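[1] Have a look at this fold, sequence not included:
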């Protein structure tokens, strides 16, 4: 049974309108987003179910879901939406909110998201080799995909020593500010 939390639903709607320029209230559950999603088989809730959960104020359940964390941001859901709702933007924002709130998310998603964002904030871009080494160590799987990575480093396809991009300090400042604003509420 779905419980309706009017206050939470209103707060979510307002935040998403401000941050993503998307209104979850306009979703009428056609299911096009879910039908086209290539990674929906990994989700615990289909994209249209997530939209409905947000409409009724179930933000904590959504933030902890595999759906939000496993979204690959392919934009298929957004492209298929007859109401032109930026569903992928909503999912992306929800990932940021989950990270800012320290939500316990499935598998290694939190570690991946945190290390990815920290890497970009520090270097102004993704430094693949350093990121993958840090992630594999944190996930307790240090040799994961090393047979793929080492030849790429040897051929110069991936830089082993990271270099800061121009404007990296500004990217770091933006990241810090975004994380402070991402919490919505505590």
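    Everything's here; your move. Just so it is clear, the model here is predicted, and its values are computed rather than measured.
[2] How about the secondary structure of residue 142?
    State at residue 142, reduced to three classes by DSSP: H, G, I helix; E, B strand; the rest coil: coil.
[3] pretty sure it is touching residue 135, no?
    No. Taking Cβ atoms under 8 Å as the definition, residue 142 is not a contact partner of residue 135, at 10.0 Å. From N, CA and C alone the C-beta is placed, and that goes for glycine too.
[4] Which residue of those two possesses the greater neighbour count?
    Taking other Cβ atoms under 10 Å, residue 142 and residue 135 do not tie; residue 135 has more neighbours (18 against 10).
[5] What pLDDT is listed against the residue nearest to the more buried one when sequence neighbours are not counted?
    Nearest residue to residue 135, sequence neighbours excluded (Cβ to Cβ, 6 or more residues apart in numbering): residue 115, at 5.3 Å. We note a pLDDT of 87 for residue 115 in this prediction.
[6] which SSE is the residue positioned nearest the centre of the chain in?
    Centroid check for the chain by Cα atoms, centre = their mean gives residue 95 as the closest residue, at 3.5 Å. Assigned by DSSP states H and E, residue 95 belongs to helix 87-101.
[7] Run through who's touching that helix.
    16, 19-22, 24, 33, 47, 50-51, 54, 62-64, 67-69, 71, 73-75, 77-78, 81, 103, 105, 110, 113-114, 117, 178-180, 182-184, 186 (Cβ atoms under 8 Å, 6 or more residues apart in numbering).
[8] before we move on, back to that, let me know the pLDDT of the residue nearest to the centre of the chain.
    87.
[9] Now do the worst-scoring helix or strand of the chain on mean pLDDT: which elements does it pack against?
    Counting by mean pLDDT, DSSP states H and E, the chain has its least confident helix or strand at helix 146-154, which shows a mean of 75. Helix 146-154 sits against helix 128-138, with contacts defined as 3 or more Cβ pairs under 8 Å, 6 or more residues apart in numbering; DSSP states H and E.
[10] I figured residue 103 was touching residue 64, is that so?
    Yes. Judged on Cβ under 8 Å, residue 103 makes contact with residue 64 at a distance of 5.7 Å.
[11] which of the two has more neighbours?
    Neighbour totals were compared for residue 103 and residue 64, and residue 103 leads with 19 against 16 (other Cβ under 10 Å).
[12] Next one: the more buried one relative to residue 28, how far apart?
    Look at residue 103 and residue 28: by Cβ to Cβ, to the nearest Å, they are 28 Å apart.
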